[in-house]
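Novice: structure for this input, please:
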Amino acid sequence: MNKFSLPISIIIHTLISVLLSLYSSILLLGYEKIFLGYDDPITIKVILSRVAYSSNFNFFVYFTLITILYAYYYLKKQKDQEIEESNLKAQLLDSKIKVLQSQLQPHFLFNALNDISSLMDINIEKSQDAIADLSEMLRKTLSIKDVKYITLKEELSILNKYLSIEKLRFGEKLNFDIDTTDITLLEKIPPLILQPIVENSIKHGFSYEHDTIMINIKIFVYNNQIVFEITNNGMQIQVKEVVFGNGISNVLERIDTLYHGNYSFDIRNNRDLGVINIIKIPRISQTTT
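Specialist: Reported below is the predicted structural model:
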């Protein structure tokens with residue numbers, strides 16, 4: 001239908017409608033002569049008069065059908081384009097998230113290896129335990145590389161492996177507590193969003209004045225949002241504007257992509273003691289994968 005320009009299409013359809021009028025007029029005259037007993041001769045003049053008489057109705061019927069057909073074709077083509085664009089957007093979204101997750105995993109690994117490396121000079125046995133924990137943590141992270149969401153239970157399982165490594169390194173100088181509920185553990189969240197923030201809390205929490213820190217992780221549902229509160233009692237933020245490293249930047253970019261900007265992240269001094277990080281993301285169906 002889109003092979004011809006509009007003027008040519010109008011001419012073609014007009015000729016077709018004239019031919020159809022001519023055909024229907026001859027057919028009707030034949031019917032009248034054979035079955036109704038009309039004796040008038042069928043001449044060119046009679047045929048043309050019938051064509052002229054019935055052309056308005058024939059043109060109307062024909063062009064109505066053509067208009068309906070073109071409208072259907074146009075709407076179908078538009079719908080197909082919308083579906084194609086939607087599929088392309090979904091593919092781009094998946095690709096972007098996979099790239100971001102693949103960027104986070106090396107960052108995750110390098111930092112953990114650095115922690116274990118610094119531990120080796122202190123305690124070989126603890127280093128071996130840390131390597132075992134790192135191996136298990138990597139196994140878990142590699143198993144989730146092709147999914148957008150995991151359960152909070154799975155996320156905390158990975159986080160606990162990371163904290164075990166850090167606990168081996170810092171010993172009694174590092175303590176942590178995770179507060180959530182069994183129901184909340186079933187919520188679906190983007191993978192690897194807690195570890196970079198906890199890692200940042202450990203890295204910037206320790207100082208000469210704060211050689212022992214406590215990290216509290218509280219996760220709950222409020223107003224149809226999943227709220228993550230990560231607090232520490234370490235060193236407070238000393239700058240007016242916080243510049244995020246690769247880990248937190250990656251987390252924020254992933255949740256921004258997944259939730260189309262419908263999230264919040266806040267990091268600030270927690271009154272007179274330590275720092276608090278708060279993430280709020282919308283709840284999703286527990287069947288989403």
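Novice: secondary structure class for the residue nearest the centre of the chain?
Specialist: The structure's the chain has its C-alpha centroid closest to Leu258; by Cα atoms, centre = their mean the separation is 4.5 Å. Three-state assignment for Leu258 (DSSP: H, G, I helix; E, B strand; the rest coil): helix.
Novice: also Val239?
Specialist: Here Val239 is recorded as coil under three-state DSSP.
Novice: and the gap between it and Asn200?
Specialist: 14 Å (Cβ to Cβ, to the nearest Å). The C-beta positions use only the backbone N, C-alpha and C, and glycine is treated the same way.
Novice: quick revisit: was I right about the residue nearest to the centre of the chain contacting Lys148?
Specialist: Yes. Counting by Cβ atoms under 8 Å, Leu258 touches Lys148, with 6.3 Å between them.
Novice: what's the pLDDT at the residue nearest to the centre of the chain?
Specialist: Looking at Leu258, its pLDDT reads 85.
Novice: go on, Leu92?
Specialist: 56.
Novice: tally of neighbours for Leu192?
Specialist: Neighbour count of Leu192, defined by other Cβ atoms under 10 Å: 25.
Novice: same question for Asp182.
Specialist: With other Cβ under 10 Å as criterion, Asp182 counts 7.
Novice: I'd guess it is in a helix, am I close?
Specialist: No. In this structure, Asp182 is coil, not part of a helix, as judged by three-state DSSP.
Novice: now it: how far from Ile16?
Specialist: On the measure of Cβ to Cβ, Asp182 and Ile16 end up 72 Å apart.
Novice: follow-up on the earlier one: more neighbours, Val239 and Asn200?
Specialist: Asn200 (21 against 6).
Novice: quick one: the strands in the stretch 151-289 of the chain?
Specialist: 174-179, 188-189, 213-222, 225-232, 264-269, 275-282 (DSSP state E, counting those that start in this stretch).
Novice: next, format the ones you listed as TSV and append mean neighbour count, mean pLDDT and distance to Asn123.
Specialist: Converted to TSV, these look like this (neighbours: other Cβ atoms under 10 Å; pLDDT from 0 to 100; distance: least, Cβ to Cβ, whole Å):
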stretch	mean neighbour count	mean pLDDT	distance to Asn123
strand 174-179	15	94	15
strand 188-189	22	94	34
strand 213-222	17	95	20
strand 225-232	20	96	24
strand 264-269	14	94	33
strand 275-282	19	95	29
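Novice: export the ones you listed to a markdown table and tack on distance to Phe244?
Specialist: Formatted as a markdown table, these follow (distance: least, Cβ to Cβ, whole Å):
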| stretch | distance to Phe244 |
| --- | --- |
| strand 174-179 | 22 |
| strand 188-189 | 19 |
| strand 213-222 | 18 |
| strand 225-232 | 14 |
| strand 264-269 | 8 |
| strand 275-282 | 11 |
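Novice: so for Ala71, which of the ones you listed sits nearest?
Specialist: If you check each of those against Ala71 by Cβ to Cβ, strand 275-282 wins as the nearest, at 38.8 Å.
Novice: could you find the closest non-adjacent residue to the residue nearest to the centre of the chain?
Specialist: Pro190 (5.7 Å; Cβ to Cβ, 6 or more residues apart in numbering).
Novice: residues contacting Asp179?
Specialist: Asn216, Ile217, Lys218, Ile219 (Cβ atoms under 8 Å, 6 or more residues apart in numbering).
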